[in-house]
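# Just the structure for this:
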Amino acid sequence: MADHIKDILAVLNAAPFEKGLSLISLDALQPIDLLQLLNDVFAQVDAQDPTHATQVKSEEPEITLKRMISLLRVLKYKPKHEDGFQTKLIAADKGVVYDILGAILPKLQVHKTRAYLARYLVKVHVPPEILVNDEVVAVHDKYTQLMATFMEVHKEVKELRSSQFSGDVIKKDITMMEQELDTLTRRTERLRTKARGFPKFQEMLTAARALRQQQERAEEIRIQHEEQKNQLDNAHGKHQREVNRLKEVRAQSVGGGTDGLMRRMEGDHKSVVFISKEKLPAALRGKQQRLSDLKSVVNQPSMFQDDLDGLHKQIQGLTGEINGMIEKRMVSNNPGDDKLALFRQQAAIISRKKESKSDELRDAEDELKSAEADLAEKKATSSKTGTKALPKGEAFKAYLGKLREKSVNYKGRKAELNDLRAEYMVLTTTHDGLSKQREVTASAVAAMEGKAGVSGYMETRDGLENVAHTAQEIDAQKGETLEDYSAMVKELTGNIQQKKTALAPLITQLREARGKAQTIEVQYEEKKANYDKVHSSMDSSKSKVESEVRGYREEVHAHESRFHYLNIMSQVHKVQEASIKDETAAYVSRAGPAEKKKQFRDIYTKKVKDQQNVGKHLVEKEKMVRTSHDDNMKLLDMWRDLSVLMKCKAAVSKEPDTPVAGGEGSLEPDRLVFD
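Alright, predicted model coming up:
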């Protein structure tokens, strides 16, 4: 507790509060002064609200309490004990005030930001009946848009403030760059003046300018070349994708030609028609039925435990009746009378298969769409980067293994394909030969029929034989189908009779067991109700006892904390009292200077004088530095120039003499000068 109060005092004594409080002065504050201290903290937290910058003495307690509670809600403060919190707050209870200060002051900047944002981001609740007006709706929409804009702007400002760039740093950088610019300008002027003395200065200057322009032009051409190369790579990639797509379309259209394509389109059309006319309407009806059921449940009044028990009993009774009706139907129903039962069963099986296949088709289409999206994304990524990521390590070994397997499989399939092509060529040749031979034979037979006067005899006989053969096959299939159906019906009838005979005693036992189960369930419900009553009464008494124990523990903890705090404060007071007594005894003592104990006043007075002397010495030193600063800076610049000059002379003395055209002696070699 003492450490908690020390942290609070550390923040209150620092800027921006600067209260200058101590443990004793804080503890000695009157309730109204303590409440005023809390109000000052609130005014600093929510500086945008001028209502906090007021004197608590001149304000009604209800208004003060309402204002503080609203700010605490914005700051998301949760009191440790909600019982009597508002009364303790307006009465400036020390425990409550210290707890609030301890929660706010350590994170003062965070709470300032939260209070600032709450002023603009807490939405005003507008009742739905007022939002019917068009003007109110327009104003509310504009208010929502402004709130979203404020959030975005505040986020940008926060990012800018949290970045490493600040105004002072930028100003310093600008100042340094201006100084560097001046230095470079002066150096350039010196070099320009020095270079004008060289022969062919203008020619060298023109050549240097042309060289720089050509270098810039070469850099621009290089950049354009890279851009055009990237465009060419993208175009090649797009062309390759289109070629692959064309191959896929041609491969799909090869199997069956136009007839195969039409069959596939008809199958797709049938599946789409089935989904749109049967599958989706059924699902929509189920959803609508579910929605109506939920609406009916929502519109019903609130139900209590008695109502739920009655509904449970009603459900149990209806379930028993349904089971009895199903048993009667199983006993009395004779499937032999229903001649269409088998066909209904087959139709039900076919419809279930159809629904399952439609679900599988939809799942396959979803997988195909996702795979196509992934493929397009990966193609775009590979076309942008121009490279393909290769696996490494074990993944690369597995990749090589797959490639080997695919290579072996490809070679085997290719060999099979070559064999099939060779066989196809042989069969095609044989078919062509036989076709030609058949045509020759047919022409010869037609000539013989013409000579005999019975033209078309062979064609007519072949047609009659085909018709007779087809009629025999159809009759045989009909006979087999009828025999199969009659045998299947007899077998199913026998099986049903056997099942009925076997299930008759089991049904009797099931009825007896259901009667017993209902009796046992009634007993269970009664005992469960008694148990719930006893359990609820025990829980209520237990919760009361636990709440009383919790209150007693909190009271003991509060008294213990108060005791330790007072004990520490008494020890602090004793130490202060002993130090005051020693200081008083030393001040009143008449002993000599050698025997007399040093007083704190004398010690601190001597330290103050020493610091004043040091301050005077520093002031004189500062004056001396200011007076000699300009001369020293000029001297420093002269020494720097002298150092540069000596370095240049040393460099020139080390170089060999070179003759200059049109003059005698030696000069520096040609240099690249600045424009």
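
# any idea of the pLDDT on Gly592?
On the pLDDT scale, Gly592 is placed at 61.

# repeat for Lys607
88.

# tell me which residues in stretch 63-78 are buried?
Neighbour counts over stretch 63-78 (16 or more other C-beta atoms under 10 Å) mark Thr64, Arg67, Met68, Leu71, Leu72, Val74, Leu75 as buried. The C-beta positions use only the backbone N, C-alpha and C, and glycine is treated the same way.

# what residue ranges in the stretch 101-250 of the chain score low on pLDDT?
162-168, 249-250 (pLDDT under 70).

# quick one: the helices in it?
Remark: helices assigned in the stretch 101-250 of the chain by DSSP state H, counting those that start in this stretch are 108-121, 134-162, 167-195, 201-254.

# other SSEs contacting whichever strand or helix holds Lys606?
According to DSSP states H and E, Lys606 maps onto helix 600-654. On a contact count with 3 or more C-beta pairs under 8 Å, 6 or more residues apart in numbering; DSSP states H and E, helix 600-654 meets helix 457-588.

# now the helix it packs on against helix 600-654, angle please.
130 degrees (axes from the mean of the first three to the mean of the last three C-alpha atoms, to 10 degrees).

# Tell me how confident the model is about helix 457-588, as a mean pLDDT.
79.

# swap in stretch 430-444?
79.

# Mean neighbour count, the helices of the stretch 101-250 of the chain: which tops it?
Most buried of the helices of the stretch 101-250 of the chain, by mean neighbour count (mean count of other C-beta atoms under 10 Å): helix 108-121, with a mean of 15.

# Helices along the stretch 351-500 of the chain, start to end?
Under DSSP H, counting those that start in this stretch, the stretch 351-500 of the chain gives helices at 394-452, 457-588.

# Now tabulate the ones you listed in JSON lines and tack on mean neighbour count and distance to Arg186.
JSON lines is the format used below for those (neighbours: other C-beta atoms under 10 Å; distance: least, C-beta to C-beta, whole Å):
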{"stretch": "helix 394-452", "mean neighbour count": "10", "distance to Arg186": "62"}
{"stretch": "helix 457-588", "mean neighbour count": "11", "distance to Arg186": "67"}
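
# between those, which one is nearest to Glu367?
Counting by C-beta to C-beta, Glu367 lies closest to helix 394-452 out of these; the figure is 21.5 Å.

# In terms of secondary structure, what does the closest one contact?
helix 457-588.

# How far does the helix it packs on sit from its chain's centre?
Offset of helix 457-588 from its chain centre (C-alpha atoms, centre = their mean, to the nearest Å): 32 Å.

# now stretch 185-201
That offset, for stretch 185-201, works out to 63 Å (C-alpha atoms, centre = their mean).

# Likewise for stretch 237-248?
Worked out by C-alpha atoms, centre = their mean, stretch 237-248 lies 36 Å from the chain centre.

# what angle do the host helix or strand of Val273 and helix 201-254 make?
Using DSSP H and E, Val273 falls within helix 257-274. With the same axes, to 10 degrees defining the directions, helix 257-274 sits at 80 degrees from helix 201-254.

# Could you pull up the mean pLDDT of helix 257-274?
Here helix 257-274 scores 72 as its mean pLDDT.

# So which elements touch that helix?
By 3+ C-beta pairs under 8 Å, 6+ apart, helix 257-274 packs against helix 341-385.

# Alpha carbons only: can I get the helix or strand Leu284 falls within in CSV?
In this structure, Leu284 is located in helix 280-299 according to DSSP H and E. Extracted as CSV, the C-alpha positions of helix 280-299 are listed here (Å, rounded to 0.1, in the frame of the first residue of the first chain):
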residue,chain,number,x,y,z
LEU,A,280,-32.0,-25.8,-55.1
PRO,A,281,-35.9,-25.4,-54.7
ALA,A,282,-35.9,-28.3,-52.2
ALA,A,283,-33.1,-26.7,-50.2
LEU,A,284,-34.8,-23.3,-50.4
ARG,A,285,-38.1,-24.9,-49.1
GLY,A,286,-36.2,-26.5,-46.2
LYS,A,287,-34.5,-23.2,-45.3
GLN,A,288,-37.8,-21.3,-45.5
GLN,A,289,-39.5,-24.0,-43.3
ARG,A,290,-36.6,-23.7,-40.8
LEU,A,291,-36.9,-19.9,-40.9
SER,A,292,-40.7,-20.1,-40.2
ASP,A,293,-40.1,-22.5,-37.4
LEU,A,294,-37.6,-20.2,-35.8
LYS,A,295,-39.8,-17.2,-36.2
SER,A,296,-42.7,-19.0,-34.6
VAL,A,297,-40.4,-20.0,-31.7
VAL,A,298,-39.2,-16.4,-31.3
ASN,A,299,-42.8,-15.0,-31.4
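
# Any idea how far the next helix or strand after it is from the middle of the chain?
Per DSSP H and E, the first helix or strand lying C-terminal to helix 280-299 is helix 305-332. Distance, stretch centre to chain centre, for helix 305-332: 50 Å (C-alpha atoms, centre = their mean).

# and helix 305-332 with helix 457-588, angle?
160 degrees.

# average pLDDT across helix 305-332?
Mean predicted lDDT for helix 305-332 stands at 76.

# Which elements pack onto it?
helix 457-588.

# helices or strands up against the helix it packs on?
helix 2-13, helix 23-27, helix 305-332, helix 341-385, helix 394-452, helix 600-654.

# What's the mean pLDDT across the helix holding Leu284?
On average, helix 280-299 scores 81.

# Then stretch 66-80?
For stretch 66-80, the per-residue pLDDT averages 82.
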